[in-house]
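Enquirer: have a look at this prediction, sequence included:
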Amino acid sequence: MGSFWKKVFGKKEETACCEGKGQYGVDYVRVSEMMQFNRNLLEAWKLEQGGVEFYTKFLNEAHDEEGREMYRKLIEEERRHLRMIEEEIEEHKRKGYWS
């Protein structure tokens, strides 16, 4: 679990050594949950990228500076979200949680 998510959800309680592990000592439930989490990260990235494209379209169509400034701020917020997601993906890759 990435440091960002630890801050959000807190630390989980420790469980017994082999609790929930399969025949070969693999925690299949944890692996399945991590794979789903990775898919969710990719979906979140796509949605945020779509937000950047959405607001960029309206930025280009805006007729006044106040409107353009609002769209610029929204685009920057979406890009900030993208960076957070990308950092989480990179952390998963470093830890070997990404497949």
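Expert: That came in fine, so what should we check first? All of these numbers come straight from a predicted model, not from anything done at the bench.

Enquirer: so residue 74 touches residue 55, yeah?
Expert: Yes - the criterion here is C-beta atoms under 8 Å, and residue 74 meets it with residue 55 at 4.6 Å. Every residue, glycine included, has its C-beta placed from N, CA and C.

Enquirer: which residues do those two both contact?
Expert: Counting by C-beta atoms under 8 Å, 6 or more residues apart in numbering, no residue touches both residue 74 and residue 55.

Enquirer: pass me the low-pLDDT residue ranges in the protein, would you?
Expert: Along the chain, the model assigns pLDDT under 70 to residues 1-27.

Enquirer: cutoff 90 now
Expert: For the chain, applying pLDDT under 90 flags the ranges 1-34, 96-99.

Enquirer: burial of the spatially closest residue to residue 81 that is not a sequence neighbour, as a residue count?
Expert: Nearest non-adjacent residue to residue 81, counting by C-beta to C-beta, 6 or more residues apart in numbering: residue 48, 4.6 Å away. The number of residues packed around residue 48, counting by other C-beta atoms under 10 Å, is 19.

Enquirer: on the three-state scheme, residue 48 is what?
Expert: helix (DSSP: H, G, I helix; E, B strand; the rest coil).

Enquirer: use 582 as the first number for this chain going forward.
Expert: In the new numbering, first residue 582, that becomes residue 629.

Enquirer: now it: how far from residue 612?
Expert: Taking C-beta to C-beta, to the nearest Å as the measure, residue 629 falls 26 Å from residue 612.

Enquirer: swap in residue 651?
Expert: Taking C-beta to C-beta, one finds residue 651 at 43 Å from residue 612.

Enquirer: and for residue 664?
Expert: Counting by C-beta to C-beta, the separation of residue 664 from residue 612 is 27 Å.

Enquirer: please apply the same query to residue 671.
Expert: Going from residue 671 to residue 612 by C-beta to C-beta gives 20 Å.

Enquirer: buried set for the helix or strand containing residue 658?
Expert: Taking DSSP states H and E as the criterion, residue 658 maps to helix 646-676. Neighbour-count burial for helix 646-676, counted by 16 or more other C-beta atoms under 10 Å, picks out 652, 655, 656, 659, 662, 663, 666, 669, 670, 672, 673.
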